[in-house]
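> output the structure for:
(2 chains)
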Amino acid sequence: MENILEIKNLRKNFKDFSLKDVSFFLPRGFIMGFIGPNGAGKSTTIKLIMNLLKKDSGEIKVFGLDNIKNEIEIKDRIGFVFDENLFYEELTALEIKKIIKPLYKRWDEDSFLKYIKDFNLPLNKKIKDFSKGMKMKLSLSVALSHNAEMLIMDEPTSGLDPIVRSELLDILSYIIQDENKGVLFSTHITSDLEKIADYITFINNGEILFSVEKDIIMDNYGMVKGDKEILREDIKKEFVGIKYSSFGFEGLVKDKKVIKNALKEKIIIEKPSLDDIMLYYLRREIHA
Amino acid sequence: MLSLILKDLLIQKKNLIFAFLYIIFIMLSIQSKIMGATLSICICAISYITLSSASAYDDRSNGNIFLNTLPISREKIVLSKYISLFIYAAFTTAIYFIIYIITSSLNLKISLYPVTLEGIIYGLFLVSIMYSLSLPIFFKFGYMKAKWIQFIIFFLFFGGISYIIKFLESRFSNILLDFGGSKCLIMLLIIILSFIILFISYCLSVYFYKRREF
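Numbers count the residues shown, from 1 in each chain, chains lettered A, B, ... in the order given. You can find the predicted model right below:
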């Protein structure tokens, strides 16, 4: 299967932050959730893909092409949604369309007008009078109206109400029915991803902690609950993180079968949410 | 690339009325010996103010991120700003001409300098220097950070322009006389000089902008 996005050993140093050998790939036809806390390196990685920041070393390939050498062709085939409004506030949606349309080789006017209508967006109102949700919908309308093969979205759901968020997720699920497309979706609201993502890439402090299929995580990881007494040192090693309370402990394991075999019926194992996984990775030992 | 110039014009729709009034103000306030320079001053002032304002919008509203996510090269983004100079100059000349026609036909007791090729070329020369000095700084630092540097350039330029002209006259008048000193030749040299300055400045702007991070 061809990879729509491939990142190898990507490095970028800032004064107070570095991206350290970031590597992951996304095959065509899938949605990747790019998760991590604020300041983990999600936006930096995305800006490097878009050549808004200059990499120090490493390789970025989009559609199998180098992202710098083939920058224009790649951008023509990418739909980009940023967490902040990028449109000139003084302009109307219609004026923005006039500016953007001639730049894309495969602009689809009907598609744009359909999204504008479906999203209930006014064409002649200035962007500065749009709500945050409306700005995001306009951004999405533009991203979806030039037959983009890949959508790159940086925190598109932050600050949106649950209804708009749900609409966005429905659209993404619809888009990905076309197996030629791919979506990279960065967020710290992981519940959005549980519904739609096929792959999860977790970044923290500039390092990739894991990048795997969501089903593998959901099938193998487990939230384990039990009495503190059963936590021997060799058992503790199996945990990603443990949270203690006066009633006992609660912890995350990568492989629930191993812990089940070791502790049998002394424990309860539940399915973790992506939020649980993120939390336990970030704080290896939590004392409640 | 034309759509980027269109963008600069669209974000400044309101300023067009201001530009119109400003041209009238300059035309009426210059009623002295330097009247011959009125058109040139109008071209220079309006084009430069429009450029500054467009650059400020780019900086204020994530404009540079927006432009750099579109399938357009950084060279073209830079070039669009340099080409816009000629559009603004043409726009100013057109407004100037309309005002001149209207006031002349009304037989008002004010003297106005007509539109001449000389006036346009001198105007373009002045604004070429202004653009060439400012744009590389805007592309390197962004408008907001470069505001003060631009402010200094602006005043040094207008303070020093008479010295520059005197210097050029003293150095080149003999050479021009050798060529016959015709007005046409002087105009041609000014046009060539403007393009050389703009080209050097463009190369510098591209160099800076290609290395800029957002």
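
> confirm A:Phe34 sits in a strand?
Yes: the secondary structure assignment for A:Phe34 places it in a strand, going by DSSP: H, G, I helix; E, B strand; the rest coil.

> SS state for the closest residue in space to it that isn't next to it in sequence?
Across the structure, with CB to CB, 6 or more residues apart in numbering or on different chains as the measure, the residue nearest A:Phe34 apart from its sequence neighbours is A:Ser186 (4.0 Å). All C-beta spots, glycine's among them, are computed from the backbone N, C-alpha and C. Under three-state DSSP, A:Ser186 falls in the strand class.

> what's across from A:Ser186 in the sheet?
In this entry, A:Ser186 is beta-bridged to A:Phe34, A:Asp154, by DSSP bridges.

> who's in contact with it?
If you count contacts by CB atoms under 8 Å, 6 or more residues apart in numbering or on different chains, A:Ser186 has them with A:33-35, A:42-43, A:46, A:153-155.

> near chain B, which residues of chain A?
Where proximity means CB under 8 Å from any CB of the partner chain, the interface of chain A facing chain B comprises A:47, A:50-54, A:71-73, A:75-76, A:78, A:80, A:82, A:84-91, A:95, A:98-105.

> quick one, helices of the chain?
Since you didn't name a chain, this refers to chain A. A:42-49, A:71-76, A:93-100, A:109-118, A:132-143, A:162-175, A:191-196, A:214-220, A:233-236, A:256-263, A:274-282 (DSSP state H).

> look at chain B instead
Remark: helices of chain B, listed N- to C-terminal, are B:2-10, B:13-29, B:38-60, B:63-69, B:74-105, B:117-141, B:143-178, B:183-211; assignment by DSSP H.

> mind checking these for the one nearest to A:Ile242?
Closest of those to A:Ile242 is helix B:63-69, at 41.8 Å (criterion: CB to CB).

> helices or strands up against the closest one?
When contacts are defined as 3 or more CB pairs under 8 Å, 6 or more residues apart in numbering or on different chains; DSSP states H and E, helix B:63-69 packs onto helix B:38-60, helix B:74-105.

> could you measure from whichever residue of the stretch 151-288 of chain A sits closest to chain B over to B:Tyr96?
For the stretch 151-288 of chain A, the nearest residue to chain B under the criterion CB to the nearest CB is A:Ile152, separated by 8.9 Å. Per CB to CB, to the nearest Å, A:Ile152 is found 47 Å from B:Tyr96.

> any weak-confidence spans in chain B?
When residues are selected by pLDDT under 70, those of chain B lie in B:31-36, B:157-181.

> how about the residues of it by chain A?
Taking CB under 8 Å from any CB, the part of chain B that reaches chain A is made up of B:2-4, B:6-7, B:10-11, B:13, B:57, B:61-63, B:65-66, B:68-73, B:211, B:213-214.

> OK, contacts around the residue sitting furthest away from the middle of chain A?
Residue farthest from the centre of chain A, counting by CA atoms, centre = their mean, is A:Glu229 at 38.6 Å. Under the criterion of CB under 8 Å, 6+ apart, A:Glu229 has no contact partners.

> what pLDDT does it get?
According to the per-residue confidence, A:Glu229 scores 80 in pLDDT.

> circling back: of the residues of chain A next to chain B, select the buried ones using a ChimeraX command.
Selecting only the buried members of the residues of chain A next to chain B in ChimeraX, with burial defined as 16 or more other CB atoms under 10 Å in any protein chain shown, works like this:
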select /A:47,50,51,52,53,71,75,76,78,80,82,85,86,87,88,89,90,91,95,99,100,101,103,104
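
> which residues sit in contact with the most centrally placed residue in chain B?
When CA atoms, centre = their mean is applied to chain B, the residue found nearest the centroid is B:Val127 (3.1 Å). With contacts defined as CB under 8 Å, 6+ apart, B:Val127 is in contact with B:43-44, B:47-48, B:85, B:89.

> for the residue lying closest to B:Ile41 once chain neighbours are set aside, give its distance to A:Glu71.
Distance criterion CB to CB, 6+ apart; nearest residue to B:Ile41, sequence neighbours excluded, is B:Ile26 at 6.0 Å. Between B:Ile26 and A:Glu71 the distance, using CB to CB, works out to 43 Å.

> likewise B:Tyr122?
Shown here: B:Tyr122 relative to A:Glu71, a distance of 40 Å by CB to CB.

> next one: A:Asp16
The value you get for A:Asp16 to A:Glu71, if CB to CB is used, is 28 Å.
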